[in-house]
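In: let's see this in three dimensions:
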Amino acid sequence: MRKLLAVLLCLGLVGCAPLRPIPVEPTNKSYDFNVSKQKVFDAALLTAQELNLDVKVIERDSGFVRFDKATLSPAQLDQYCEYPWVDSNGKPAATFQRGEMSWPFSGRASITIVVTEHGSSSSVNVRTNLSYSGPGSFGSGDCNSKGVFEDEFISKLQEHLK
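Out: Just a heads-up that it's a prediction; the model follows:
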């Protein structure tokens, strides 16, 4: 009986590989539009309002705007972020909604855009910062974007430019 218990315990310990954080890389994308800087800027403000983003910084002349989304739910974190901890095979260790770390996570999203004019057209540079927080040893930190938040923003922006 002791031998069986020792074998099971050993197998259990071997199966519990340590988790490691994945490096966070900045998300930066550029998009081109065949409309003026002013129209893109105004459409970006409409898009932010539609997506319930708060305007934190606005500089119309430079084309700079920073928006924040106050709180992300665990489901939104899973939609927008890569889970920041992986197992020894490089697979996500869990999700923000369920898994070993089942405590309530929350998050924040910040999207910064810079609209630049190029004659009668313009370009938009989009940078996103996503962060999570939760109790315990996993605490809080930044997470890599899956590109969904940015695509959602640009898709709505394009709709406003039609």
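
In: mind giving me the packing neighbours of the helix or strand encompassing Arg66?
Out: Using DSSP states H and E, the element containing Arg66 is strand 64-72. In terms of contacts (3 or more C-beta pairs under 8 Å, 6 or more residues apart in numbering; DSSP states H and E), strand 64-72 is packed against helix 37-50, strand 54-59, strand 106-118. (Each C-beta comes from the backbone N, C-alpha and C, glycine too.)

In: partners of the shortest one, with directions?
Out: According to DSSP bridges, the neighbouring strands of strand 54-59, each with its direction, are strand 64-72 (antiparallel).

In: report the angle between the axes of the partner strand and strand 106-118?
Out: Calculated by axes from the mean of the first three to the mean of the last three C-alpha atoms, to 10 degrees, strand 64-72 forms an angle of 160 degrees with strand 106-118.

In: need the contact partners of the helix or strand following strand 64-72.
Out: Next in sequence after strand 64-72, counting helices and strands by DSSP H and E, comes helix 74-80. Residues outside helix 74-80 that contact it (C-beta atoms under 8 Å, 6 or more residues apart in numbering): 72, 95-97, 104-107, 109, 130, 132, 143, 145-146, 148-149.

In: just stretch 147-159 next, same as before
Out: The contact list for stretch 147-159, computed with C-beta under 8 Å, 6+ apart, reads 27, 29, 31, 40, 43-44, 47, 50-51, 79-80, 109, 111, 124, 126, 128, 130.

In: roughly how far is that stretch from the heart of the chain?
Out: On the basis of C-alpha atoms, centre = their mean, to the nearest Å, stretch 147-159 sits 13 Å off its chain's mean C-alpha point.

In: for that stretch, buried residues please.
Out: Phe149, Glu150, Phe153, Ile154, Lys156, Leu157 (16 or more other C-beta atoms under 10 Å).

In: got any ranges where this structure has weak pLDDT?
Out: The chain contains residues with pLDDT under 70 at 1-17, 99-103, 137-138.

In: hang on, Pro104 in a strand?
Out: No - checked against DSSP: H, G, I helix; E, B strand; the rest coil, Pro104 lies outside a strand; its state is coil.
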